[in-house]
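Visitor: Pasting the sequence and the predicted model now:
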Amino acid sequence: MTEKIENPTLPVQVLSDFNSLGIKELKNLSAQNLWSLNEKEILAVQAYFRSLKRNPTRAEIETVAQSWSEHCRHKTFKSPIRYQEGSKTVLIKNLFEETIARATRQTKKPWCLSVFKDNAGIVSFGKKGQWALAFKVETHNHPCAIEPKGGAETGLGGVIRDVLAAGLGAKPVLSTDIFCVAPPDKKLSLPPKALSPERILRGLIAGVRDYGNRMGIPTAAGGLYFDEGYALNPLVFVGSVGVLPAKAVKKEIRPGDLIVVAGGLTGKDGLHGATFSSANLNGDDHSTAVQIGHPLNEKRVMEALLNARDKKLYHSVTDCGAGGLSSAITEMADIVGARVQLEKESLKASDMEPWEIWVSESQERMVFAVPPSNLKAFEKVFADEGVESRVVGEFVKTGRIEVLWNGRPLINLSLKFISNGIPVEEKKAVYIPPKGNESRALPKKSLAENLKNILSHLNVCSREWLIRQYDHEVQGGTVIKPLQGTRHDGPGDASVIWPQAATKDVSDLSGFAVGHGLNPASGKLDPYQMAWLCADEALRNILCVGADISRAAFLDNFCWGNPENPQVLGSLVKAAMGCRDASLGFQIPFISGKDSLYNESKDASGKMVSIPGTLLISAIAPVPNIEKAVTMDMKGPGNSLYLVGQTGEDMGGSLYHEINGLAGGAVPRVDARCARRNFAAVYQAMSKGLVASAHDLSEGGLLTAVAEMAFSGEFGAMIDLDALPKQKPIYSAEVLLFSETPSRILLEVKPEHEAAFLKCVKGSCVKRVGSSIANPIIKIIGLDGLVLFEESTAPFKAAWQRTVLS
Amino acid sequence: MKSPKVLILSAPGTNCAVETSNAFAELGAKPEIVSLRLFKEKRVRLLDYDIFILPGGFSYGDEISAGRILAAQVKIHIADIKNFIRMGRPVIGICNGFQVLVKAGILPFSPSCEQSASFVANDSGRFEDRWVHLRINTQNPSLFFKGLPEMIELPVAHGEGKLVLRSPKQLEDLKRNRSIAMQYVSDDGKIAPYPANPNGSVFNIAALTNPDGNCLGMMPHPERYTKIHHHPNWTRQTFQKQAFGMAILKNAVDYCRG
Amino acid sequence: MIAASTHRIEVSLKSEYGDAESSSLAVVLKSSGAPTVSKVRKSRLYEIRGSFTAAHINRLSRDLLCDPITEDFRVLSQPPSTQGPFWRVEVRLKPTVLDPEADTMKNAMTEMGFPAPDFIRIASIYKIESKCGKPQIESSAVRSLLNPIIHLYSITACS
């Protein structure tokens, strides 16, 4: 471990004239110190200290600033919004409560064990329900824009600690990563300090690779999305799934429990990460807000924590993330209270002010509530792993957070003030639907050319170069891999994890799948529908590998621009409404979520540019028997191909439009009732082993999906467009082949299973549209009964296999 | 002997110990994950065990170079490994464990136990996780491949897996004393370059043994193929119906059962 | 008692072993504004402060820092000798940024019975053969090899 420095005895810094400062001076002070407190907030802080008749210490204001930061408080989602759409204006009291949380309550799923309150959402898992899955996805955008590798490392490290601190601690069994970046092959004019998209992407990959591989956690459910709108503000979504005993879900601090910090030492690294995340990037040097990860230390903490959990040595745990000890201890103390002797914290830097120790975000630390009788045993478990632990205080029933520094009062605040004292500020939101351009006539490129352009598009082409850099098989549980097919290189819809390394029970064949839906292109046209499309895509991805989606749970991640801009906030509100309706429509609860706002920066010309409003919906569901899982590669000749769901004229926001330079058209709508019925039927058939392969229809529509299934399985396919189930008559082959109508899946069924399969899908919209053939060609029969398209799959696979970064 | 006792070494950064242990438990052996610390504190004796496994992972973060720090520690704290091998008991170093065996001078075997080979970064310049085809050297005397076909598949996952030797003569020695246990090959069994050879190892070497054949170092991960559902193509059902990784571990257990 | 001093040990891959990372770095540097880069060799520089004898430093280099088969090491007593012409770019983490490798190495050293070092920093050294001038080398290095937010660096011409 890093060398420990003897504690310094720097004095407590009191802001001796704080209570007499005018508003201008207060605002300057907030800006100078990176507190990110707005006018009303800093006035509320002053009023509080005036009522106490004393000036605050710097540490006290830092505590409040951390706790009231956008990062910790999600102010936008939890404060009132006056929302205007057309001529109607409504007051939303609490956006989160009225959309996502409400939907979750209404879906009433008894297998949701913990939603929105712990460090991760937790659902029941395992053959007998004796286990639980904790899942969390969060963003780490700002640090990654400045130092991509370090940012990705600490982002992944942070979300892993969230899962380690879910309930009494879950063993991480899967990491997920999704990056939204600008195309690396485009010459963009960037402001002087901005990193190039290529540099950012290389750094992000290296960070997740080096941290995740060293942690021994498979990274097997990722994604990569390119759009120029992310040039200055790349988005990095990192996720972690962990397994814990169902009995270890509940955590409860008792007064008298000791506050124990375990893990790395505290240093100056990572000061002001939480408040920094509320500030927009303006090219200043924030070197202390940027860190690099130390996976070996985190791994030691992980091993010790899981060992201590199984020995029942502590009552509660949380991770030290944004806001450091300040946030962690304040959060834990929530309903009790805490007394801390800060000089007992171990330091690695010698010149730290007490407030810096209190809010430092040094990585790889956790805070525990340990009953005094267990302390010795607890310390031994951690010492055996080479992890230092130290008692820094105790939980007491005072309702206050009291921190002493060498016997002198450093912080003495009421928890009520910290949690309720934040002034409520009404925000304005306006939703103006983007002007839909009229769709122009379709250009006359050949089908083959269009298909090639789609398959080689940055957002579709192979991710093999990336996936192989991640150890996606460690822990011996990746039974369906991200790359599928004869040559292990086809685009799987999802991975299936059999967490034997966590349960140590190889007789329990329970697994789970994780999928994601992300569709910023549709969000530019209709943020409400985007939410539906994301939910639908995430579900289909996991359904395609055989997950029981009646037991699925969603996670949301909102990345938007500046919510002070009413139009930006309007589209955010719209997307949140979409999440609510999709959750109710599919009857699938949200169990955890995060938001990252203020994703805007000045471009080379000094103009403020915001990212496209980006919603990520992640889905997790059990695969009750991993031996029944399904992959997307075509399995053999002479099998029937069935299309699930009707095709409509859904070209708005489609990839076909993008590559042909077309705009307009409506964003597709999801028919949830129909989709649910179809999906349930598909799952029935899969669980009986009647489906040979399944692939979802997403970007590039039917023809893309057929091509991918065929070249991954090294067979061919014949499709009859006349047989396609359609919402209304469609006469354009381009539309039938490239439309992106949601909720559609292509299935392959062997002749011997066909009768049973048809029984399973009776009453749902599942139609035979063609068959697989031995010759590796794609053959499309047009509406006129003539062969419209007949091409070998090889050139399409070659187009798809372009390398994004060598 | 009914249930062989298996010692699976754990050190900071090893991360394949649990799945390896699960596999041995399934085979009816008695696996124990034992921390290197217990060796330092002299609270455990290697010779009390029947099988010794150095599992995969990133011991000490693979800082300095892969397996380097753990190798230095093994030389100091687990000096008994030489006796263990001399007594004919099975040792398997998997991935990082193989790197440790090589950097500790255990493999390639020499009486002086001086390091004579090493690993450098993969030719591709990056970490790679992929399934490879392997040809088992039927001349190799080892106990680990009984009942296996000549061609098998296993996954590899490493960034520093390119085996290099001190001299060309050493390769001839390895061939002569039949120490090359497995080679990376193409799907039709031929010695072939990348990606068949995932790292650029000399002579496509994927695994080595000592001349007696009881100490095996291998880059591929047997513990990741203990169930047919681990194979990337199990849904196609066109491959052999045997989990080759499990078969290798089972041979070690069977050998101890006598 | 030996007085504490700083020891510098440079470890580099022997030239007969191809260095995949270095070759890809050359490509990256070229595309980052230094078009004439012909070759890059990367090595590691360990800066260790503590009370060590020359025998300690030699044993540390042989038993831990340098691979006996693939690498060479040199203990540097003064700024490195020159076998140019090339640009030598030294990159190290700022003192305020945690260095995980140094941290792990410190542990390993004490576990192997060495005196505890006071301080370790590990720098990367890139020897870049190129006709480009210093400003070009610097800007391409900043664009691809290092990040001034977390790194300190120096660039010297070796001839």
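Guide: That came through, no problem.
Visitor: CA only for contacts and neighbour counts going forward, please
Guide: Will do.
Visitor: Would you tell me which helix is longest in the chain?
Guide: Since you didn't name a chain, this refers to chain A. Assignment by DSSP state H gives helix A:566-586 as the longest helix of chain A.
Visitor: let's do chain B instead
Guide: Chain B, longest helix under DSSP H: helix B:244-257.
Visitor: Give the buried residues for that one.
Guide: B:244-256 (16 or more other CA atoms under 10 Å in any protein chain shown).
Visitor: Can you list the residue ranges for helices in chain B?
Guide: Going by DSSP H, chain B shows helices at B:17-26, B:36-40, B:68-77, B:81-86, B:96-103, B:168-176, B:244-257.
Visitor: element containing residue A:711, please.
Guide: helix A:701-713 (DSSP states H and E).
Visitor: any idea of the mean pLDDT in that helix?
Guide: For helix A:701-713, mean pLDDT rounds to 98.
Visitor: check whether it contacts chain B.
Guide: No. If you take CA under 8 Å from any CA of the partner chain as the test, helix A:701-713 misses chain B, and the best it gets is 9.0 Å.
Visitor: from the chain's centre, how far out does that helix sit?
Guide: 28 Å (CA atoms, centre = their mean, to the nearest Å).
Visitor: Not counting it itself, show me its contacts.
Guide: Contact with helix A:701-713 is made by A:451, A:454-455, A:484-491, A:632-636, A:695-698, A:716-717, A:736-741, A:746, A:776-778, A:793-794, A:796-797, as judged by CA atoms under 8 Å, 6 or more residues apart in numbering or on different chains.
Visitor: quick one on the thing from earlier: out of the helices of chain B, which gets nearest to residue B:204?
Guide: When these are compared by CA to CA, helix B:168-176 sits nearest residue B:204, at 11.4 Å.
Visitor: Using CSV, write down the CA coordinates of the closest one.
Guide: Extracted C-alpha coordinates of helix B:168-176, given in CSV (Å, rounded to 0.1, in the frame of the first residue of the first chain):
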residue,chain,number,x,y,z
PRO,B,168,17.2,-21.6,-30.9
LYS,B,169,19.1,-24.5,-29.3
GLN,B,170,16.6,-24.5,-26.4
LEU,B,171,13.8,-25.1,-28.8
GLU,B,172,15.6,-28.2,-30.0
ASP,B,173,16.0,-29.3,-26.4
LEU,B,174,12.3,-28.9,-25.7
LYS,B,175,11.5,-30.9,-28.8
ARG,B,176,13.9,-33.6,-27.9
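Visitor: which residues sit against it?
Guide: B:108, B:165, B:180.
Visitor: Not counting residues beside it along the chain, what's closest to the last one?
Guide: Nearest residue to residue B:180, sequence neighbours excluded (CA to CA, 6 or more residues apart in numbering or on different chains): residue B:208, at 4.7 Å.
Visitor: Show me where chain A dips below the pLDDT cut-off.
Guide: In the predicted model of chain A, residues A:1-8, A:270, A:272-289, A:436-442 satisfy pLDDT under 70.
Visitor: one more time with 80
Guide: Low-confidence regions of chain A, defined by pLDDT under 80, span residues A:1-9, A:71-73, A:269-290, A:335, A:349-350, A:435-444, A:663-665, A:806.
Visitor: Go ahead and flag the most central residue of it.
Guide: The centre of chain A sits closest to residue A:137, judged by CA atoms, centre = their mean, with a distance of 3.3 Å.
Visitor: Can you point out the buried residues in stretch A:73-82?
Guide: A:74-82.
Visitor: for stretch A:672-689, same thing?
Guide: Residues A:672, A:675-687, A:689 are the ones in stretch A:672-689 that count as buried (16+ other CA under 10 Å).
Visitor: Show me which residues of chain B sit near chain A.
Guide: B:12-16, B:18-19, B:22, B:26, B:37, B:57-58, B:60-61, B:126-130, B:157, B:223-225, B:229-233, B:235-236.
Visitor: Any quick PyMOL command for the buried ones out of these?
Guide: If you want just the buried ones from the residues of chain B next to chain A in PyMOL, going by 16+ other CA under 10 Å, the selection is:
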select buried, chain B and resi 12+13+14+15+16+18+19+22+26+37+57+58+60+61+126+127+128+129+130+157+223+224+225+229+230+231+232+233+235+236
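Visitor: The residues of chain B next to chain A: which ones sit near chain C?
Guide: B:60-61, B:126.
Visitor: Can you name every helix or strand that the lowest-mean-pLDDT helix or strand in chain C contacts?
Guide: When the helices and strands of chain C are scored by mean pLDDT, DSSP states H and E, helix C:20-31 comes last with a mean of 84. Helices and strands touching helix C:20-31, by 3 or more CA pairs under 8 Å, 6 or more residues apart in numbering or on different chains; DSSP states H and E, are strand C:39-50, helix C:134-144.
Visitor: Now tabulate the ones you listed in JSON lines and tack on distance to residue B:91.
Guide: Shown next, in JSON lines, are the helices and strands packed on helix C:20-31 (distance: least, CA to CA, whole Å):
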{"stretch": "strand C:39-50", "distance to residue B:91": "33"}
{"stretch": "helix C:134-144", "distance to residue B:91": "43"}
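Visitor: which one of the ones you listed lies closest to residue A:443?
Guide: Using CA to CA, the nearest of these to residue A:443 is helix C:134-144, at 40.7 Å.
Visitor: What are the buried residues along that closest one?
Guide: C:136-138, C:140-144.
Visitor: Determine the set of other helices and strands touching it.
Guide: Helices and strands in packing contact with helix C:134-144 are listed as helix C:20-31; criterion 3+ CA pairs under 8 Å, 6+ apart.
Visitor: Distance from the helix it packs on to the middle of the chain?
Guide: The answer for helix C:20-31 is 17 Å, by CA atoms, centre = their mean.
Visitor: And the residue of chain C closest to chain B?
Guide: Residue nearest to chain B within chain C: residue C:20 (4.6 Å; CA to the nearest CA).
Visitor: Which residue is the nearest non-sequential neighbour of that residue?
Guide: residue B:125 (4.6 Å).
Visitor: Model confidence for that neighbour, exactly?
Guide: pLDDT recorded at residue B:125 is 89.
Visitor: before we move on, what about residue B:239?
Guide: The predicted local confidence for residue B:239 comes out at a pLDDT of 63.
Visitor: Would you enumerate the residues in contact with residue B:203?
Guide: residue B:183.
Visitor: Contact residues of the stretch 501-650 of chain A facing chain B?
Guide: Residues of the stretch 501-650 of chain A lying near chain B (CA under 8 Å from any CA): A:501, A:504-506, A:627, A:629-631, A:635.
Visitor: what about residue 152, which SS state?
Guide: Just going to use chain A. Following DSSP: H, G, I helix; E, B strand; the rest coil, we place residue A:152 in the helix state.
Visitor: before we move on, which element is the closest residue to it other than its chain neighbours in?
Guide: If the residues on either side of it in the chain are set aside, residue A:152 comes closest to residue A:207, at 4.9 Å by CA to CA, 6+ apart. Using DSSP H and E, the element containing residue A:207 is helix A:197-215.
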